[in-house]
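Trainee: dropping the sequence and predicted coords here.
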Amino acid sequence: MPDKFPESSEFHTLRIIPPAGLHYSTDLLRKMCDIWEKHGSGLIALHGQSGDIMLQGCSSENVQKAFDELNEIGFDLGGAGPALRTSMNCVGHARCEQSCYDEVRTHRTVINGFLDEMHRPALPYKFKFKFSGCPNDCVNAIHRADFAVIGTWRDDIQVDQQEVQNYVAKVGRKYMIDVVITHCPTRALSLNDDDTLEIDNKSCVRCMHCINVMTKALSPGKDRGAMVLIGGKRSLKVGDFLGSVIVPFMKLETDEDFEKLKDFCETVIDFFAENALEHERIGETIDRIGLANFLEGIGVEVDPNMVNHPRTSSYARMDDWDQEVEKWRARKAEAASASEAAE
Amino acid sequence: MPDKFPESSEFHTLRIIPPAGLHYSTDLLRKMCDIWEKHGSGLIALHGQSGDIMLQGCSSENVQKAFDELNEIGFDLGGAGPALRTSMNCVGHARCEQSCYDEVRTHRTVINGFLDEMHRPALPYKFKFKFSGCPNDCVNAIHRADFAVIGTWRDDIQVDQQEVQNYVAKVGRKYMIDVVITHCPTRALSLNDDDTLEIDNKSCVRCMHCINVMTKALSPGKDRGAMVLIGGKRSLKVGDFLGSVIVPFMKLETDEDFEKLKDFCETVIDFFAENALEHERIGETIDRIGLANFLEGIGVEVDPNMVNHPRTSSYARMDDWDQEVEKWRARKAEAASASEAAE
Amino acid sequence: MSEATQPRRPIESGVMDPFPYMHPLLKKNYGQWKWHDRLRPGVLHHVAHGGDEVWTVRAGTQRQMDLHTIRKLCDIADQHAEGHMRFTTRSNAEFMVSTEAQVGPLVEKLQDEGFPVGGTGASVSMISHTQGWLHCDIPGTDASGVVKSLMDELHKEFIQEKMPNRVRITTSCCQINCGGQGDIAINVQYTKPPKINHDLVGNVCERPAVIARCPVAAIRPAMVNGKPSLEVDEKKCVCCGACYPPCPPMQINGPESTKLAVWVGGKHSNARSKPTFHKLVVAGLPNNPPRWPEVTEVVTTILYAYKKNARHWERMGEWIERIGWPRFFELTELPFTKHHIDDWRGARKTLNTSTHVYF
Amino acid sequence: MSEATQPRRPIESGVMDPFPYMHPLLKKNYGQWKWHDRLRPGVLHHVAHGGDEVWTVRAGTQRQMDLHTIRKLCDIADQHAEGHMRFTTRSNAEFMVSTEAQVGPLVEKLQDEGFPVGGTGASVSMISHTQGWLHCDIPGTDASGVVKSLMDELHKEFIQEKMPNRVRITTSCCQINCGGQGDIAINVQYTKPPKINHDLVGNVCERPAVIARCPVAAIRPAMVNGKPSLEVDEKKCVCCGACYPPCPPMQINGPESTKLAVWVGGKHSNARSKPTFHKLVVAGLPNNPPRWPEVTEVVTTILYAYKKNARHWERMGEWIERIGWPRFFELTELPFTKHHIDDWRGARKTLNTSTHVYF
Ligand code: SRM
Ligand code: SRM
Ligand code: SRM
Ligand code: SRM
Ligand code: SF4
Ligand code: SF4
Ligand code: SF4
Ligand code: SF4
Ligand code: SF4
Ligand code: SF4
Ligand code: SF4
Ligand code: SF4
């Protein structure tokens, strides 16, 4: 609207990628300020909703100059348009006991592995990653990322029963029942008569609540890793989507684990690039073609953790039921012999 | 398929309406048997899934004879085709302490008020009523009726704290917490340290669970009545529907209450007759036109109990927001002055 | 009517007044009951505010009965239950008596005559089923046959109350599923599109009606051998069978294409959780009369996994929601396939859009 | 580029390695934290397995800052926090210190300089907002303006932890809602279809792209005054504004048609309940700068109803689910209208298909 804001055509924004986890030294911040004082308006948003440093207000002429100097001190350009976007990770490993994987390494491995998709926009539409260390999801990944990596664990919650008893002694039994026990979404918690806690870990859905409340008494298990949820986005065209579970668990420890993740990201991005309609987010693609077809496209086996419950409608074509059963049997047999071999 | 079952074209079924609540004297049953021995195959289903006595296997010739004799001893013909169907009510008032309204009277008032719709099929498609005395819904009304009348109450659950304590003493605290307290869907129950029960009745959704478990200690409140849910049906064309709340509460005590219910049924049936497409159940009509339009059509005001939650999508046309707010204000003012007048 | 006599004018009496037939104690205390408990499986004990008590004995019937059976029930009622009885929603017979002393002899008599006493509380009550070949013109199999085989197996769970909560099993002889939702539902599931008997279409079939019935618009009008008929887009067809009733030439029944599917977790009651539909567990089970062993095996596997693992008062679906579907498939050793993933309208809402997962 | 010099080749370094900038204690104990608690509102205390402890002081910023402000934050970090800082997801500044003794002076300094200390635990943290006029080309109002007015009001809830659980408020300057879901979300909501400036369409607008964007297919190509333009079916249009970015002549912004709507119950965390979208509470609020008093009133009414009635650890949406929407509208005295009833795709799934009701 050039009439209303005469300078707006000259009012460019530079989206710059900050250090993963938004850690700064004052030195780095001051240098950034100095550059922006020289070439831009002096306005800076720390940070944009996607995670960029937004340097707001720059003439066309100065855009390149500002960028060059920022680039020299280590900053790179963020994403815009139909491209891979700038990402975020929670503070996680750096200062949080709930963190289930190395967010910084994961974030940098993924994004830096696909910079081409960020700097030379050629995707059907925008594509966002976000990284949260646990299901508290402090970067809102489940809704605000096409591809959310969220930490979790597979084994049992670690419990210090003495600390549980201390907690109950402090808050009272009634409070403990009303505020902790009855809030467990799957009734996996039971308060013993001696004020220790019985946890049915097989029924625990790793929601974090009991752990959040009793930070000293409870911790996530030791067999930690991450899950992948795909398809989150805001409302355009179809209404909001939350990401849905595509990979229920993967380890993120060895170099090999990280290679695997990168390969998987590549498969997903390629599938998106090839199959999404123009201006379609990947969540919309999945919605359009159906989850089963998407999984086949990216080579992932179905898993009951992907759905709230199996189908309720009998309107389905199931001629090939027996073949599908065979696939499942083969997978189970393979898994069984693999775990035998490992022993 | 006349080739496979050569007699099937002669194999008629008579659908006959049983006494409400399926109560029989042996005398009545024996008379029915005698008639069916004379005119039919002797096969009888007690009862069909909709609630009919199904007299199975009668030649074309004998159909009328059998019916005439049954009719003489008090039976009438049930529904079939695009018509009002035979209905059912749970045992309720007759032998159940949970019953919140007089099911027999209600069932007979409604169905006998619209016999024309049953005997001279002229509706767009089938229309079923069902009557359950409380939310346990022992006749499956919520899914298997286009129009479900289900009992409930508005005031507080009646509690005998001594019986609660007896119960806890019997089963133990841990069991009480795991099986009663944590199963309350809205965390309305809290166990006091002296093993009495605190019920937040404002948050109780009348699910029946705690009452079912402790039949001696707890009972539905005293201000009883019924709610109406519309639109239940099985899967044809669209997939299954459960009925949804249309009238959250109505008293069913005075003659006037029953007149009101009958009028309301008439409004709904008329709306259905005039607005449903051919072979469309009323649930599908609501789905097609939207709940708000349906409510307008039958003259019922919106109520938050009708939905799980308000809309999440911003894709809506709300030019007339202010008018709608005015309507609400007017309703509130009216209600307030009515309750003042009553005092 | 073949006779030309003046037809009798029916009395449109509608729903019969039950009070003349109701047990006197129920009539007297109508709307006045206070609480109840159970004496033993199959025997309810209700106490009225005024102090009256009534005992109810519940016994299984086959629903589809001959006159002999119904008269036998009447004899029992006359001898042991004051001449009254009622039927339940699930076609069980109920006999009411005024004193506890009458309960024993009544129970014994019923058992002697082959009517199992039970079906109350946390038992497996009578399978609610549809009529199959007997009556309906479209069944894919004989639902009552399946029920018979299953009830032979489940008899012991009918006469005792050893389940976590009541179990409602239903069977339906086609996908229309007149039997409704169940904790376990066993329903015919077609697996192939209908084959059209073109010779018959012209005569018996109202074509626009059939076309309108198809939920996926897979049916088109077509000329076949110069005569108006129909054709089915076999890729689109979801084999629902809805076209068959209005047009029997749409032959969807067949030994190969008629399979059975087992669903779990349907619930009508509003106790604790909201009512829910049942969910697919196994499809493709052979329609294998007279004993349907494959069906029985699946059903008992599910039932005993529930019996062993669920907590008191958890219905089948609530138990599974707590332990999770992954564990359910693990415990029952049943396969999870792409067919379990919903692809009907609104399928997105069935996806797990949370990090709540089970390991 | 206006200059003809050889452009510099950018170093595609991607996401910067944070370790060189991270506070040394965080670096040393990376992945080794054991538990935490909070000293006071705005001050976190984390303990590592090895025994190291770190204190974090959180302070509000306005997100969109000038150089002076950022340099002031740097000064504070240099003097009181060992030369490091970070920013949170919600644009708060965080300063880490190695001893408890440093906390007091740091807090004091921040407060002196006008940065409120708080935003931790059960407080109202910084409103996460979008840029409004400053930057985006389509905003219906100035989101930061609304934020400013609200934060003046909510300042006291930022610096104390007296809410039942954390409260996330977001504002967005158009329905696209770059600010995302919130316990309370304040979003611009257009109420009238766009008026088309036909003169401009031909020049600036890629017509097929605009047509494809419309979620309800309300836009058609049309000839206007002999020139190719567009027309909008005003009955169909849901006033979403999606056509405006690709085609600014679709003028949807206007003092009359640009209203504000308030939504509640959005949640991303998986704690207890699954993540959910926010739900409409009030629309039609006037876009009334510079203080938006009507918006502030609604927001504070909701917030204090929550504060007063919810239980510990219940997020806004969880509280409402427990007490029920009828009671929520009662407590806040806000109207419930037909517009609250969903009519977008899948609306049926939002109906109450149970007898669970609140009185
Ligand atoms: C700058 C920023 C708001 C802010 O003040 O922080 C912003 C600004 C715009 N967003 Fe956004 N979005 C910004 C974060 C988001 C987020 C939050 C996030 O990434 O976590 C979302 C929700 C998540 C998502 O991706 O869906 C978001 C969902 C949208 C959408 C809806 C997309 C959808 O598929 O539903 C649009 C519309 C579109 O894509 O056409 C949009 C479009 C826009 C456009 C490009 C409007 C337009 O179409 O012209 C805005 C102007 C950007 C510009 O001029 O450069 N913006 N946008 C955020 C990016 C800053 C950064 O890089 O750090
Ligand atoms: C006899 C009975 C099964 C039984 O053995 O008990 C039955 C039998 C048939 N049902 Fe049913 N339904 C019977 C109760 C039900 C129920 C249960 C209920 O009423 O509680 C349902 C589920 C609830 C509902 O109404 O949706 C039911 C849902 C259907 C449907 C699915 C309708 C839908 O809108 O989704 C059809 C198909 C249709 O209407 O075209 C159907 C169609 C049929 C037809 C008419 C098949 C056809 O289209 O030719 C069956 C043959 C009836 C006949 O007279 O030849 N029947 N049907 C039940 C009626 C007995 C009685 O009057 O007491
Ligand atoms: C007799 C009958 C009503 C009738 O008019 O015929 C009946 C009678 C009673 N029901 Fe029922 N229910 C009857 C069918 C049902 C049905 C419908 C069905 O089975 O098709 C349901 C809904 C099932 C579903 O959800 O799909 C039903 C769900 C309940 C519940 C809720 C159970 C739950 O936890 O979900 C209760 C509460 C309880 O068990 O205490 C209940 C409770 C009762 C009580 C205890 C009520 C009372 O206080 O007297 C009655 C004795 C139950 C018992 O068997 O121990 N009744 N009850 C029906 C007996 C059927 C049978 O022969 O097995
Ligand atoms: C610093 C920050 C991460 C970062 O990388 O920047 C962070 C840090 C912590 N979060 Fe968070 N959360 C942060 C944004 C979020 C967000 C995202 C947001 O606010 O936009 C969420 C999701 C909100 C939502 O559901 O929409 C979030 C949901 C949680 C939860 C779950 C709360 C719940 O009950 O639903 C916890 C658990 C808790 O409170 O103990 C949590 C817990 C924590 C803990 C206690 C984790 C730990 O053990 O250290 C951290 C201190 C929290 C505190 O404020 O008391 N964090 N946390 C973010 C601070 C934002 C701010 O300045 O206010
Ligand atoms: S998402 Fe989990 S790991 Fe990351 S900061 Fe939040 S609580 Fe810690
Ligand atoms: S983490 Fe959540 S699901 Fe698991 S036991 Fe704790 S409260 Fe229950
Ligand atoms: S629905 Fe309620 S009132 Fe009727 S029999 Fe069942 S428990 Fe009793
Ligand atoms: S009836 Fe249900 S909702 Fe009400 S208090 Fe009892 S268990 Fe809770
Ligand atoms: S389920 Fe199908 S076959 Fe069986 S009675 Fe109903 S319509 Fe007929
Ligand atoms: S079987 Fe069902 S889907 Fe297939 S053609 Fe017939 S009606 Fe259509
Ligand atoms: S919410 Fe709308 S106006 Fe605000 S930044 Fe996002 S796209 Fe622009
Ligand atoms: S405002 Fe939205 S609905 Fe209306 S024409 Fe534009 S894109 Fe379509």
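Mentor: Good, I have the coordinates. Residues are numbered from 1 along each chain as shown, chains lettered A, B, ... in the order given. Ligands and ions are numbered 1, 2, ... in the order given.
Trainee: which ones are touching the residue of the stretch 1-150 of chain A found nearest chain C?
Mentor: With CB to the nearest CB as the measure, A:Pro135 is the residue of the stretch 1-150 of chain A nearest to chain C, at 4.2 Å. C-beta here means a position set from N, CA and C on the backbone, and glycine is covered the same way. When contacts are counted by CB atoms under 8 Å, 6 or more residues apart in numbering or on different chains, A:Pro135 touches A:Ile150, A:Gly151, A:Thr152, A:Arg206, A:Cys207, A:Met208, C:Thr355, C:His356, D:Ser269, D:Asn270, D:Ala271.
Trainee: not counting sequence-adjacent ones, nearest residue to the first one?
Mentor: By the measure of CB to CB, 6 or more residues apart in numbering or on different chains, the closest residue to A:Ile150 outside its immediate chain neighbours is A:Ser132, 4.8 Å from it.
Trainee: for ligand 4, what is the nearest residue in the stretch 201-350 of chain C?
Mentor: Nearest residue of the stretch 201-350 of chain C to ligand 4: C:Lys349, at 20.2 Å (CB to the nearest ligand atom).
Trainee: could you measure from A:Arg15 over to ligand 6?
Mentor: Separation of A:Arg15 from ligand 6 (CB to the nearest ligand atom, to the nearest Å) stands at 37 Å.
Trainee: equivalent analysis for C:His278, please.
Mentor: From C:His278 over to ligand 6 (counting by CB to the nearest ligand atom), the distance is 25 Å.
Trainee: count the residues that sit near that residue.
Mentor: Per other CB atoms under 10 Å in any protein chain shown, the neighbour tally for C:His278 reads 28.
Trainee: wouldn't it be in contact with C:Gly266 here?
Mentor: Yes - using CB atoms under 8 Å, C:His278 makes contact with C:Gly266 at a distance of 3.3 Å.
Trainee: what sits in contact with each of those two?
Mentor: By CB under 8 Å, 6+ apart, the residues touching both C:His278 and C:Gly266 are C:Gln181, C:Gly182, C:Asp183, C:Ala185, C:Gly317.
Trainee: assess the claim that the second one and C:Gly266 are in contact.
Mentor: Yes - proximity of C:Gly182 to C:Gly266 meets the contact threshold set by CB under 8 Å, at 4.9 Å.
Trainee: which neighbours do these two share?
Mentor: Taking CB under 8 Å, 6+ apart as the criterion, C:Gly182 and C:Gly266 both touch C:Arg168, C:Thr170, C:His278.
Trainee: just grab the bridge partners of C:Met223 for me.
Mentor: For C:Met223, the beta-bridge partners under DSSP bridges are C:Pro228.
Trainee: do A:Asn89 as well
Mentor: For A:Asn89, the beta-bridge partners under DSSP bridges are A:Phe131.
Trainee: any idea what sits nearest the closest residue to ligand 11 within chain A, other than its immediate chain neighbours?
Mentor: Going by CB to the nearest ligand atom, ligand 11 is nearest to A:Gln49 of chain A, at 8.0 Å. Nearest residue to A:Gln49, sequence neighbours excluded (CB to CB, 6+ apart): D:Cys178, at 5.2 Å.
Trainee: again with C:Lys227
Mentor: C:Gly202 (5.3 Å).
Trainee: anything in the helix or strand containing that neighbour near ligand 10?
Mentor: Using DSSP states H and E, C:Gly202 maps to helix C:198-204. No - Helix C:198-204 stays clear of ligand 10 (CB under 6 Å from any ligand atom), getting no nearer than 13.0 Å.
Trainee: tell me what the helix or strand that comes right after that helix is packed against?
Mentor: Counting by DSSP H and E, the element after helix C:198-204 in chain order, helix or strand, is helix C:207-213. For helix C:207-213, the contact count by 3 or more CB pairs under 8 Å, 6 or more residues apart in numbering or on different chains; DSSP states H and E identifies strand C:219-224, strand C:227-232 as packing neighbours.
Trainee: which helix or which strand is home to the residue in the stretch 201-350 of chain C that ligand 7 sits nearest to?
Mentor: Nearest residue of the stretch 201-350 of chain C to ligand 7 (CB to the nearest ligand atom) works out as C:Ser269 at 8.3 Å. Per DSSP H and E, C:Ser269 falls between elements, in no helix or strand.
Trainee: look up how far C:Thr88 lies from it.
Mentor: Going from C:Ser269 to C:Thr88 by CB to CB, to the nearest Å gives 15 Å.
Trainee: neighbour count: the two, which is higher?
Mentor: The residue with more neighbours, out of C:Ser269 and C:Thr88, is C:Ser269; 26 against 22, by other CB under 10 Å.
Trainee: right, and that one touches C:Thr276 too?
Mentor: No - the criterion here is CB under 8 Å, and C:Ser269 misses it with C:Thr276 at 10.3 Å.
Trainee: show me where chain A has its helices.
Mentor: Ranges of helices in chain A, per DSSP state H, are A:26-39, A:60-72, A:103-113, A:115-119, A:141-144, A:161-171, A:173-175, A:209-213, A:255-275, A:282-289, A:291-298, A:321-342.
Trainee: oops, could you answer that again for the stretch 251-359 of chain C instead?
Mentor: For the stretch 251-359 of chain C, the helices defined by DSSP state H, counting those that start in this stretch cover C:293-309, C:316-323, C:325-332.
Trainee: winner for burial among those helices?
Mentor: Stretch with highest mean neighbour count among the helices of the stretch 251-359 of chain C: helix C:316-323 (a mean of 23; mean count of other CB atoms under 10 Å in any protein chain shown).
Trainee: any idea how far the closest residue to A:Val247 other than its chain neighbours lies from D:Pro275?
Mentor: Of all residues not flanking A:Val247 in the chain, A:Val228 sits nearest, at 3.9 Å (CB to CB, 6+ apart). Counting by CB to CB, the separation of A:Val228 from D:Pro275 is 15 Å.
Trainee: between those two, who's got more neighbours?
Mentor: Just comparing A:Val228 and D:Pro275: by other CB under 10 Å the higher neighbour count belongs to D:Pro275, 26 against 22.
Trainee: do stretch C:45-52 and ligand 7 meet?
Mentor: No - against ligand 7, stretch C:45-52 shows no contacts by CB under 6 Å from any ligand atom, the least distance being 10.3 Å.
Trainee: per-domain residue ranges of chain C.
Mentor: Listed by automatic domain parsing, the domain ranges of chain C are C:24-112, C:132-191+C:259-350, C:195-251.
Trainee: let's have those domains in a markdown table, adding mean pLDDT.
Mentor: Shown next, in a markdown table, are the domains of chain C (pLDDT from 0 to 100):
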| stretch | mean pLDDT |
| --- | --- |
| domain C:24-112 | 98 |
| domain C:132-191+C:259-350 | 93 |
| domain C:195-251 | 90 |
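Trainee: residues near residue 26, how many?
Mentor: Defaulting to chain A. A:Thr26 - counted by other CB under 10 Å - has 22 other residues nearby.
Trainee: that was the other one, I meant chain C.
Mentor: Using other CB under 10 Å, C:Leu26 has 26 other residues around it.
Trainee: got it, and A:Thr312?
Mentor: Using other CB under 10 Å: A:Thr312 sits among 21 other residues.
Trainee: same check on C:Cys173?
Mentor: 29.
Trainee: in contact with it, which residues?
Mentor: C:Cys173 makes contact with C:129-133, C:136, C:138-143, C:188 under the criterion CB under 8 Å, 6+ apart.
Trainee: phi, psi for the residue of the stretch 51-200 of chain C found nearest chain D please.
Mentor: With CB to the nearest CB, the shortest gap between the stretch 51-200 of chain C and chain D falls at C:Gln181, namely 12.4 Å. Note on C:Gln181: backbone dihedrals following degrees, to the nearest 10 are phi -70, psi 150.
Trainee: which residues does the closest residue to ligand 3 within the stretch 151-300 of chain A contact?
Mentor: Nearest to ligand 3, among the residues of the stretch 151-300 of chain A, is A:Arg187, at 15.2 Å (CB to the nearest ligand atom). Residues near A:Arg187 by CB under 8 Å, 6+ apart: A:Ser203, B:Asp178, B:Thr182, B:His183, C:Arg322.
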